[in-house]
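A.B. asks: All I have is the shape, not the residue letters:
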Ligand code: SF4
Ligand code: SF4
Ligand code: FES
């Protein structure tokens, strides 16, 4: 069910803390406005302001690590690879979903930098969101090769051309930047066991397996997407393609799935390959 207003206890209220940096000695001071939420406190979320000397700090993730190490060790965020590979550090920076580890401070002009958790997901603490629903939907599309024919003696081969069809699809790192920036996903993206929109990330992966020449479950895969919500709530708003840190285009993949749906004879067999 769509909820258009935040519950009272989720609104940012009150004054956040302000941590001033020491000026002088050539310090290059930058202000970060960071969303804070502590599940163990009865207080509403707040926005704290951290000033830091950014000499030697190039990426947003480096700045967050500096704040955590030197100012407030309770600041919580996810990260792992710091190379744009694991997808853990996805967050909303100056209003757009992105990866903190691949974005330089110099990309955000000279003003304050706002850092919020990914939108429309339950917040567990500070910048850490609960992505259980996102990964449940990824599991729903069964993101693995499925075949009906007996296993060959060696591997299942694929031509260079068929392999090339997976380019622009397999590179997804499941960061959730796309789905959590999609208005349709905000409204319709969370209804376990009921009608729900699966969102751009899950659908990009659904298409990746639909067009894999080695997969033999095309009809069944399309059947699982065939209702009014799972696929058809995409209205081509394109936020997904705009924010994807890997330069992928989930909206195009969704359009291709819609074509596969239209082209299957009498809604039965599939014509994907
Ligand atoms: S194009 Fe579709 S999936 Fe992408 S943001 Fe828009 S509605 Fe969402
Ligand atoms: S499609 Fe892009 S934005 Fe979406 S989960 Fe994959 S890598 Fe992240
Ligand atoms: S820390 Fe892995 S993508 Fe940013």
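C.D. replies: Everything's here; your move. These figures come from a predicted structure and were not determined experimentally. Ligands and ions are numbered 1, 2, ... in the order given.

A.B. asks: contacts and neighbour counts: CA atoms only from here.
C.D. replies: Fine.

A.B. asks: do the helix or strand of the chain with the lowest mean pLDDT and ligand 1 meet?
C.D. replies: For the chain, scoring each helix and strand by mean pLDDT, DSSP states H and E identifies helix 183-188 as the least confident one, at a mean of 94. Yes: Helix 183-188 lies within reach of ligand 1 by Cα under 6 Å from any ligand atom, at residue 184.

A.B. asks: For the residue of the stretch 1-150 of the chain with the smallest separation from ligand 2, give me phi and psi.
C.D. replies: For the stretch 1-150 of the chain and ligand 2, the shortest gap (Cα to the nearest ligand atom) falls at residue 87, measuring 6.9 Å. Comment: the main-chain dihedrals of residue 87 come out as phi 80, psi 0, following degrees, to the nearest 10.

A.B. asks: distance of it from residue 174?
C.D. replies: When Cα to Cα, to the nearest Å is applied, the distance between residue 87 and residue 174 equals 6 Å.

A.B. asks: Which of those two has more residues huddled nearby?
C.D. replies: When neighbours are counted by other Cα atoms under 10 Å, residue 87 and residue 174 differ, and residue 87 comes out ahead with 24 against 19.

A.B. asks: What distance do you get for that one to ligand 1?
C.D. replies: Distance, residue 87 to ligand 1, using Cα to the nearest ligand atom, to the nearest Å: 18 Å.

A.B. asks: Per-residue pLDDT of that residue, please?
C.D. replies: Looking at residue 87, its pLDDT stands at 98.

A.B. asks: what do you get for residue 267?
C.D. replies: Residue 267 carries a pLDDT value of 52.

A.B. asks: one step back: run through the residues that contact the residue of the stretch 1-150 of the chain closest to ligand 2.
C.D. replies: Residue 87 makes contact with 79, 99, 173, 174, 175, 176 under the criterion Cα atoms under 8 Å, 6 or more residues apart in numbering.
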